[in-house]
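Give me a 3D structure for the following:
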Amino acid sequence: MTLKTLTATGEKLRTEWRELPKRIDTALFQGDKDALLTAQIRERQIPYEILLNLKRRAEAVAEQIRADMEAVERQREAIRAKLVPAIEALENAWRKLEPLQREYLSLGVGNETELAYWRVEKAPYGEQIAYAIDNRTSRLRRELETVQQAIANLDPLLKGVAEGDSKSIALAQQALREGEGLLPAIRAYLSVERRYLTRETQQ
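Have a look, this model is predicted:
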């Protein structure tokens, strides 16, 4: 199931929750026991279902992040395959260039403006990490950690609602009324979800 579909399901659950008081009142007024029982059952079920929906969305996002990480790894290997011979070609060219530059300098270059003096610096890639903190792999890892933390926080809530824990039910009901961002560790997750939902919508 796609993230877009799961999100639409969550919206339907919130709409149903908002309409429950009216359904219950109508059933009471009409003396419709079946309709009243159905509404009361849904009143108990929806808080669990909204948490389960959120968890499934988070799992879908985690799956997309892992797919992105695999794609980045494949891209890195493909670029590395081109980079290795390019470095070899550069080193070969440098071995020819550097003696010529030194000899040219030793003769006195005067007011040379057409040629540039070239320098080549070698350094481990690790030294460049400080200048590329927001590289794609690091960002994806941070996003995956955020999503995994959200799932870890949802699991005990789901268990609590299923077992009738009043605090867990109250939290789920509050999320239905005021938004899922009120749940522990979910606000950060939702910002990640929005990015993937937007991407899925644009595809």
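
burial count for Ala123?
By other Cβ atoms under 10 Å, the residues close to Ala123 number 7. Placement of C-beta: from N, CA and C, glycine included.

Show me what the longest helix anywhere in the chain is packed against.
The single longest helix within the chain, with elements called by DSSP state H, is helix 33-106. With contacts defined as 3 or more Cβ pairs under 8 Å, 6 or more residues apart in numbering; DSSP states H and E, the packing partners of helix 33-106 are helix 3-30, helix 136-162, helix 166-178, helix 186-202.

mind listing what Tyr48 touches?
Contacts for Tyr48 were tallied using Cβ atoms under 8 Å, 6 or more residues apart in numbering; they are Leu158, Val161, Ala162, Ala172.

Only the buried subset of those, as a PyMOL command please.
Applying 16 or more other Cβ atoms under 10 Å to the contacts of Tyr48 leaves a buried subset, and the PyMOL line that selects it is:
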select buried, resi 158+161+172
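
Out of the contacts of Tyr48, which is nearest to Thr7?
Relative to Thr7, the closest of the contacts of Tyr48 is Ala172; by Cβ to Cβ it sits at 17.5 Å.

count of residues packed around the nearest residue to the closest one once chain neighbours are set aside?
Of all residues not flanking Ala172 in the chain, Pro47 sits nearest, at 3.5 Å (Cβ to Cβ, 6 or more residues apart in numbering). Other residues near Pro47 come to 24 when the count uses other Cβ under 10 Å.

so Pro47 sits right up against Asp165, yeah?
No. The pair Pro47 and Asp165 does not pass the contact test of Cβ atoms under 8 Å, sitting 10.9 Å apart.

So which residues make contact with the lowest-mean-pLDDT helix or strand in the chain?
Every helix and strand of the chain was ranked by mean pLDDT, DSSP states H and E. The lowest is helix 186-202, at a mean of 93. Counting contacts by Cβ under 8 Å, 6+ apart, the residues outside helix 186-202 that touch it are 2-4, 7, 54, 57-58, 61, 64-65, 143, 146-147, 149-150, 153-154, 175, 180-181.

For ChimeraX, write the select line for the buried members of these.
One line in ChimeraX is enough to select the buried ones among the contacts of helix 186-202; burial here means 16+ other Cβ under 10 Å:
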select :3,7,54,57,58,61,64,65,143,146,147,149,150,153,154,175,180
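
where are the low-confidence patches of this structure?
In the prediction, the chain carries residues with pLDDT under 70 at positions 127-134.
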